[in-house]
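> Following is a predicted model, sequence given first.
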Amino acid sequence: MLLKKIACLFMLAAAGYASARTPVILVSMDGFRPDYLERGVTPNLNQVAAGGVRAVAMLPSFPSITFPNHYTLVTGLRPDHHGIVGNTMNDAAIPGVRFSMSNTAAVLDRRWWDQAEPVWVTAELHGIRSKTMFWPGSEAAIHGVRPTEAPAFDGKLPAAKRVDKLLSWLDGPAESQPGFMTLYLDDVDHAGHDFGPDSEQVTQAVAHVDQAVGHLMEGLSSRHLAANIVIVSDHGMAGVSKDKVVRMDKLAPESSYRITSSGPYASVDAAPGQEAVVEAALLQPHEHMQCWRKAEIPARLEFGHNARVPAYLCLGEPGWSLLFNDKAVARLKGGTHGYDNQAPEMRATFIATGPAFKPGVVLPAFDNVDVYPLLMRLLDLAPLPSDGNIAPLLPALQEAEVKNSPATEQPQG
């Protein structure tokens, strides 16, 4: 039934019922692993994928956490290049402020985001209205520009209500409708953190998000609107336990280091004059983790050059937690992410459908930086220099979309 409705949308677009610009809708299902599609509770997503495009997997960028990867998806830049290098950050150029997801003032401060230009800023500068139903960065006036509409994040707003809000933006005259929209769904990520990826609660959350996607498709169909819809996740999820903990505070005196992050990976700076102590503790072989100086982080992680990256990085094996105190161990439960971005547990999801896409295409795994040039192509905008490359996605595009498409995008210097 859903496939028939999707086909109907494409026919309506071809018949001229849609606006001159086919809107682009970017949907994020936070923490949604590609293997969740095999749990038997995602009829809507599976039908959309069958009638459109899906990837075997999409590889997140390191660190495989929420804010960095959401900004990568809309800029095409690795976190090291766009500046959102973690969910928690310090920056000597912004003294006295610690960026965190819960620090509303910092999240609204464009200085943290201005190292890159997301899709919606470029769209607005080119006269394309953008409206975001939540997306990291959308509440800040990046380069002095905000989306036409960007409600403040409300984690308590149910998925169905978020879809309703997005659909309401399409109820006005065609000439006033947004050309670019985002939709953020976080149920699966919350369930994964609380109960672990193999839990029944995650399966229920997956079903709930699938229903939201079905609601979106039904809403577009009832409005006789076609859209190019790109459905992604930012990362996967790995189970954790109190039996798999590296106690970082046992390796060096507490007074010798300053913590920026802990969990799947730990990033620390040495206290003044304590570099030798910290290096002696960290830069030796350890079970279940590896540690590096910032300048020596493996090149494959593409991380460590940004000034906001702390001096030392330790990375745990998937399932292991690098923690600094008893309270952190006591709080440990369920699952988490942030491990090596190439780890199978960290893989993300990619599905797309709409007039621009061929039906029934299955793409090999590709990097999430490649989503940005795709979005820009769908909006008929020239992509800015980035780490992304549209080439892996060209086989998914209709011939009209592939025509005149550059084979590669210029990498960020």
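Everything's here; your move. Residues are numbered from 1 along each chain as shown.

> List the contacts of residue 339.
Residues counted as contacts of residue 339 (C-beta atoms under 8 Å, 6 or more residues apart in numbering) are 64, 238, 264-265, 315-318, 345-346. In short, each C-beta sits where N, CA and C put it, glycine included.

> Look up how far residue 288 lies from it.
11 Å (C-beta to C-beta, to the nearest Å).

> Spit out the residues that contact these two alike.
Common neighbours of residue 339 and residue 288 (criterion: C-beta under 8 Å, 6+ apart): 316-317.

> Which of the contacts of residue 339 fall in strands?
238, 265, 315-316 (DSSP state E).

> Pull out the buried members of the residues you listed.
238, 265, 315-316 (16 or more other C-beta atoms under 10 Å).

> on that earlier part again, Throw the ones in strands among the contacts of residue 339 into TSV and include pLDDT and distance to residue 307, thanks.
Below are the ones in strands among the contacts of residue 339 laid out as TSV (pLDDT from 0 to 100; distance: C-beta to C-beta, whole Å):
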residue	pLDDT	distance to residue 307
238	98	29
265	98	18
315	98	20
316	98	24
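
> quick check, nearest of the residues you listed to residue 107?
Among these, residue 265 lies closest to residue 107 (C-beta to C-beta), at 21.6 Å.

> Which residues are in contact with the closest one?
Per C-beta under 8 Å, 6+ apart, neighbours of residue 265: 63, 313-316, 322, 338-339.

> how about a cut-off of 7 Å?
63, 313-316, 322, 338 (C-beta atoms under 7 Å, 6 or more residues apart in numbering).

> what does residue 398 give?
356-358.

> Going by residue numbers, what spans are strands in the stretch 101-250 of the chain?
Secondary structure of the stretch 101-250 of the chain (DSSP state E, counting those that start in this stretch): strands at 130-133, 180-185, 228-232, 238-239, 245-247.

> Flag every buried residue along the last one.
Put plainly, it is strand 245-247. For strand 245-247, by 16+ other C-beta under 10 Å, it's 245-246.

> same question for that strand, mean pLDDT?
Throughout strand 245-247, pLDDT has a mean value of 98.

> Partner strands of that strand and their direction?
strand 321-323 (parallel) (DSSP bridges).

> what comes into contact with the partner strand?
Contacts for strand 321-323 (C-beta under 7 Å, 6+ apart): 240, 244-248, 262-266, 289, 314, 316, 329, 332.

> Now do the helices in the stretch 151-300 of the chain.
For the stretch 151-300 of the chain, the helices defined by DSSP state H, counting those that start in this stretch cover 159-168, 187-195, 200-222, 275-282.

> Buried deepest among those, which one?
Most buried of the helices of the stretch 151-300 of the chain by mean neighbour count (mean count of other C-beta atoms under 10 Å) is helix 187-195; its value is a mean of 22.

> Packing partners of that helix?
Using 3 or more C-beta pairs under 7 Å, 6 or more residues apart in numbering; DSSP states H and E, the elements in contact with helix 187-195 are helix 200-222, strand 335-336.

> pull the CA atoms of the longest one into PDB?
This file holds the C-alpha atoms of helix 200-222, laid out as PDB (Å, rounded to 0.1, in the frame of the first residue of the first chain):
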ATOM      1  CA  GLU A 200      12.900  -5.300  23.500                       C
ATOM      2  CA  GLN A 201      12.700  -1.600  24.400                       C
ATOM      3  CA  VAL A 202      14.900  -0.700  21.400                       C
ATOM      4  CA  THR A 203      12.700  -2.900  19.100                       C
ATOM      5  CA  GLN A 204       9.600  -1.000  20.400                       C
ATOM      6  CA  ALA A 205      11.400   2.300  19.700                       C
ATOM      7  CA  VAL A 206      12.300   1.200  16.200                       C
ATOM      8  CA  ALA A 207       8.700   0.400  15.600                       C
ATOM      9  CA  HIS A 208       7.600   3.800  16.900                       C
ATOM     10  CA  VAL A 209      10.000   5.600  14.600                       C
ATOM     11  CA  ASP A 210       8.900   3.500  11.700                       C
ATOM     12  CA  GLN A 211       5.300   4.600  12.400                       C
ATOM     13  CA  ALA A 212       6.500   8.200  12.300                       C
ATOM     14  CA  VAL A 213       8.000   7.700   8.900                       C
ATOM     15  CA  GLY A 214       4.800   6.100   7.700                       C
ATOM     16  CA  HIS A 215       2.900   9.100   9.100                       C
ATOM     17  CA  LEU A 216       5.200  11.400   7.100                       C
ATOM     18  CA  MET A 217       4.600   9.500   3.900                       C
ATOM     19  CA  GLU A 218       0.900   9.400   4.400                       C
ATOM     20  CA  GLY A 219       0.900  13.100   5.100                       C
ATOM     21  CA  LEU A 220       2.700  13.900   1.800                       C
ATOM     22  CA  SER A 221       0.400  11.600  -0.100                       C
ATOM     23  CA  SER A 222      -2.800  13.200   1.300                       C
END
